[in-house]
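A.B. asks: Return atomic coordinates for the entry below.
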Amino acid sequence: MDIKNFYKAVIGTFGTELVSHFLHFVTIILIVRELSPADFGIFLLFLSFSLTLYYLSSIGLPQAIIFFIGKRKEPLDKIVAISLFLFFCIGIATVTIGFLLRDYPLNSFLKELPSYYFIPLLIIYFFTLLDSFLLSITRGLKNFFLFNIRRVLTPAVNLICIFSVYFIYGLSLRSIVAIVTIVSIVLTVWFFIKVLSLTSLRLTIDWTTIKSFIGYGTKSYIQILAGHLIYQVDLYILAYLLDAKQVAFYGIAVGMATLLWHIPNTVGVVLFPTLSSVDNEKEIHLFSTQVCRHTLLITSLGAIVLGLVGKYLILFFYGAEYANSVNAMLLLLPGIVVMSVYKVLTRNFSSRNRQQVSIMAASTALVANICLNFALIPKYGIEGAALASTISYILAGVILVGKVKMESNIPLRKILLVDASDIKLYVEAITKFLKNI
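C.D. replies: Alright, predicted model coming up:
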């Protein structure tokens, strides 16, 4: 594997990620300035629960799509047909069950969410599920151009529509929910048509392949669901124990701290399909640990900068009303840095069909996170939630680093610290960049 070509793909995807996040960031600022903290907290819970429904129901199939395309186990048209068949089965079943059981979340951690928002929540879930399947097909094909276009379209169109409504009518929670729901439907339908143009669709269903799909996906599912809940469970516990206003303050802290995750997330997008096409385990270990130490260095430097200026960014963009978010953000930063290691190394295990290692790390951290949240939030509020998250993030990262070291016999410093060859790579890259200016 060529590290230079790998990072070219990462840089292209990261550029799109930056644009996407900037557009999302501007949209959130506009929303925060127009809504009360309580309404903004309700909006965060609305989006978060639709995403949690996706993670609960996807059973790891987006990762199975990437894996099967990368390994070339089946023809592409067959994989697409199976993916769409499973999407419709899962999506329709989840929407039906979610609607029938809606009183349970609405009477607990979504107690402040008006019940009439639950139907658009289910609609957003349904199209998020379809979108994730389609994005996985483009990732499996390493068509990062189309992947990146799709990633930037949602925040761009959301911003245009929300700003237009704000300029003409003014914003309310109801209008914002309507906009994000309609945008999700329209863009996913467009992307569906675009992805189908990449392959001829064969509608025959192979039950043996479906069984293999679900077998791989189930292992990925537990890992990814546990990972998602690590990031979201504190939000739901806050909503259950406190109120939507505190959710809003914590949401801003998390949003600011997780700016740093754009680095490992982007690396992971490119790394998983790259490693999935390799059969040599030694090569996978060497490549993923090299990427890990680069990612850790960059994320650590970003955390130092964010620790110095984050307070002023929160006050400037969101206003003095959100000053309570600052300490929670600072408490999250150490965990965010260590979790960047976890985000990279999970791809090592998934590419080798050994998700059970990541499952063990994520599940252990999730149990710790839940226990710590219930212990710390009643006394310390959102700062307790931040501390609980940081401890659980560090635990997950340490477990994965230990397993990689044990399986690969690569020294710890080679996993976490850059060496002379890395510095040489940086110098070559900077020199080439300066020559092209």
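A.B. asks: For the protein, give me the ranges with low pLDDT.
C.D. replies: Counting by pLDDT under 70, the low-confidence segments of the chain come to 1-14, 70-74, 200-204, 269, 272-273, 276-277, 421-422, 425-437.
A.B. asks: Looking at it, which helix is longest?
C.D. replies: helix 281-318 (DSSP state H).
A.B. asks: Next, the buried residues of that one.
C.D. replies: Applying a neighbour-count criterion of 16 or more other CB atoms under 10 Å, one finds 284-285, 287-300, 302-303, 306, 310-311, 314, 317-318 buried in helix 281-318. Every residue, glycine included, has its C-beta placed from N, CA and C.
A.B. asks: I'd like to know how many residues surround Ser175.
C.D. replies: Neighbour count for Ser175, taken as other CB atoms under 10 Å: 16.
A.B. asks: which residues touch it?
C.D. replies: By CB atoms under 8 Å, 6 or more residues apart in numbering, the contact set of Ser175 is Val165, Tyr169.
A.B. asks: now with 6 Å?
C.D. replies: If a contact means CB atoms under 6 Å, 6 or more residues apart in numbering, then Ser175 has Val165 as its contacts.
A.B. asks: now the one 10 residues further on
C.D. replies: Taking CB under 6 Å, 6+ apart, we find Ile185 in contact with Phe127.
A.B. asks: And the longest helix of the chain, what does it pack against?
C.D. replies: The criterion is 3 or more CB pairs under 6 Å, 6 or more residues apart in numbering; DSSP states H and E, and the helices and strands that helix 281-318 contacts are helix 262-276, helix 325-351, helix 412-416.
A.B. asks: tell me the angle of that helix relative to helix 262-276?
C.D. replies: 160 degrees (axes from the mean of the first three to the mean of the last three CA atoms, to 10 degrees).
A.B. asks: Let me know the angle separating helix 281-318 from helix 325-351.
C.D. replies: Between helix 281-318 and helix 325-351, the angle comes out at 160 degrees (the same axes, to 10 degrees).
A.B. asks: roughly how far out does helix 281-318 sit from the chain middle?
C.D. replies: 15 Å (CA atoms, centre = their mean, to the nearest Å).
A.B. asks: Neighbours of Gly335, how many?
C.D. replies: Burial of Gly335, expressed as a neighbour count using other CB under 10 Å, amounts to 24.
A.B. asks: actually Ala320, not the one I typed
C.D. replies: Other residues near Ala320 number 8, with proximity taken as other CB under 10 Å.
A.B. asks: cool, and the one 3 residues further on?
C.D. replies: Other residues near Ala323 number 13, with proximity taken as other CB under 10 Å.
A.B. asks: Excluding sequence neighbours, find me the nearest residue to it.
C.D. replies: In this structure, Ala323 finds its nearest non-sequential neighbour in Leu315, 6.3 Å apart by CB to CB, 6 or more residues apart in numbering.
A.B. asks: Val404 too?
C.D. replies: Beyond its immediate neighbours in the sequence, the residue positioned closest to Val404 (CB to CB, 6+ apart) is Leu345, lying 5.6 Å away.
A.B. asks: Am I right that that neighbour is in contact with Val398?
C.D. replies: No. At 11.0 Å, Leu345 and Val398 do not qualify as touching, with contact defined as CB atoms under 6 Å.
A.B. asks: Looking at the two, which is more packed in?
C.D. replies: Looking at Leu345 and Val398 with other CB under 10 Å, you find the greater number of neighbours at Leu345, namely 29 against 15.
A.B. asks: In three-state terms, label Asp131 for me.
C.D. replies: Under the three-state scheme (DSSP: H, G, I helix; E, B strand; the rest coil), the conformation of Asp131 reads as helix.
A.B. asks: Okay, angle between the helix or strand where Arg150 lies and helix 262-276 too, please.
C.D. replies: Element membership of Arg150 [criterion: DSSP states H and E] is helix 144-168. If you take the same axes, to 10 degrees, helix 144-168 sits at 150 degrees to helix 262-276.
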